[in-house]
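Engineer: Okay, sequence plus prediction incoming.
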Amino acid sequence: MADKVTVPEIVRKKQRGEKITCLTAYDYSFARILDDAGVDMLLVGDSLGCVVQGHANTLPVTIDEMIYHTRLVVRGRKRALVIGDMPFLSYQVNSEEALRNAGRLLQEGGAEAVKLEGGVAMRETIAKIVAVGIPVMGHVGLTPQSVHSFGGYKIQGKEKSQREAVLRDALAVQEAGAFSIVLEGMPLDLAKEITERLTIPTIGIGAGVHCDGQVLVIHDMLGLFDDFRPKFVKRYAELKNVMNGAVKEFIGEVREQKFPAQEHSFK
């Protein structure tokens with residue numbers, strides 16, 4: 001088995017010019033498969049609110065639910081770095097509560113780092129979490145927990161004022177001590193500029209090819225979730241169709257008494 005991926009190793013990958021891979025995972029079985037395949041980081045994202053729980057957005061997800069799913073992923077992982085996402089209102093009220101909840105993701109969930117959304121407004125909070133030894137991944141640009149403020153899932157940084165704000169956010173995250181940062185939903189030239197100016201790795205999702213790494217929601221890339229399909233998603237498989245076909249075959253064989261056969265029965 002390859003060496004365990006650590007926070008310092010992720011930072012060194014940028015220094016060596018090696019691309020970083022990250023996928024979301026929400027349970028033991030998926031974590032095992034993704035880890036065996038060699039992905040660098042497993043993000044237990046609050047995107048589970050949409051692809052696992054069926055909500056319209058990530059806002060209803062709670063810190064207890066995130067801890068539960070992080071625990072499942074950690075059990076299935078041997079090599080990849082596991083990052084626990086901090087859900088809405090688990091870190092925005094005050095930095096003390098943020099610190100407590102970040103600690104719970106490590107202590108109760110087994111995460112090795114946490115991720116939270118926001119830039120300049122979260123600088124102090126990120127710095128306090130980092131100061132106690134908890135690695136933080138930042139997240140700027142199209143931050144899904146601000147969906148109502150944005151008026152929907154809209155690309156950020158197209159206008160000059162927006163672009164400057166996103167850049168300030170990214171710099172603030174680095175200054176606060178984060179070890180990496182997710183750049184979501186922004187023009188690729190802005191992501192390129194941020195990637196060139198930051199010393200910490202940038203992980204893109206809908207931010208173009210110039211980022212230091214890429215992350216996708218596993219249900220999107222495998223074709224398991226089709227309530228909506230963002231432009232930046234590439235489908236590497238169509239597992240919903242595969243599963244649908246398998247289930248229909250099972251139903252047919254049971255009704256025709258072809259399953260279970262002799263080899264599936266005990267004497």
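Structural biologist: Arrived safely, thanks for sending.
Engineer: List the buried residues for stretch 228-245?
Structural biologist: Phe232, Val233, Leu239 (16 or more other CB atoms under 10 Å). From N, CA and C alone the C-beta is placed, and that goes for glycine too.
Engineer: residues in contact with Met86?
Structural biologist: Asp46, Ile63, Met66, Ala98, Asn101, Ala102, Leu105, Val114, Lys115, Leu116 (CB atoms under 8 Å, 6 or more residues apart in numbering).
Engineer: a strand runs through Glu5, doesn't it?
Structural biologist: Rather than Glu, residue 5 is Val. No. Counting by DSSP: H, G, I helix; E, B strand; the rest coil, Val5 is not part of a strand but coil.
Engineer: Give the bridge partners for the nearest residue to it once chain neighbours are set aside, please.
Structural biologist: Leaving aside its chain neighbours, Val5 sits nearest to Leu81 (4.5 Å; criterion: CB to CB, 6 or more residues apart in numbering). Taking DSSP bridges as the rule, Leu81 bridges to Met41.
Engineer: was I right about Leu81 contacting Ala113?
Structural biologist: Yes. Between Leu81 and Ala113 a contact is recorded at 6.7 Å, counting by CB atoms under 8 Å.
Engineer: which residues are common contacts for the two?
Structural biologist: Val7.
Engineer: and the closest residue to Gly213 other than its chain neighbours, how many neighbours does it have?
Structural biologist: Leaving aside its sequence neighbours, Gly213 sits nearest to Ile20 (CB to CB, 6+ apart; 2.8 Å). Neighbour count for Ile20, taken as other CB atoms under 10 Å: 24.
Engineer: who touches Ile20 in this structure?
Structural biologist: Ile10, Lys13, Lys14, Asp40, Met41, Ser180, Pro201, Ile203, Asp212, Gly213, Gln214.
Engineer: can you rerun that using 10 Å?
Structural biologist: 5, 9-11, 13-14, 39-41, 81, 180, 201-204, 211-215 (CB atoms under 10 Å, 6 or more residues apart in numbering).
Engineer: Quick one: residues contacting the closest residue to Asp212 other than its chain neighbours.
Structural biologist: The spatial neighbour of Asp212 that comes closest, neighbours along the chain excluded (CB to CB, 6+ apart), is Pro201 at 4.0 Å. Going by CB under 10 Å, 6+ apart, Pro201 touches 10-15, 18-20, 22, 41, 137, 179-182, 195, 211-213.
Engineer: What of Val11?
Structural biologist: Contacts of Val11 by CB under 10 Å, 6+ apart are Ile20, Pro135, Phe179, Ser180, Thr199, Ile200, Pro201, Asp212.
Engineer: Take the buried residues of stretch 228-245 and keep only those in helices.
Structural biologist: Leu239 (DSSP state H).
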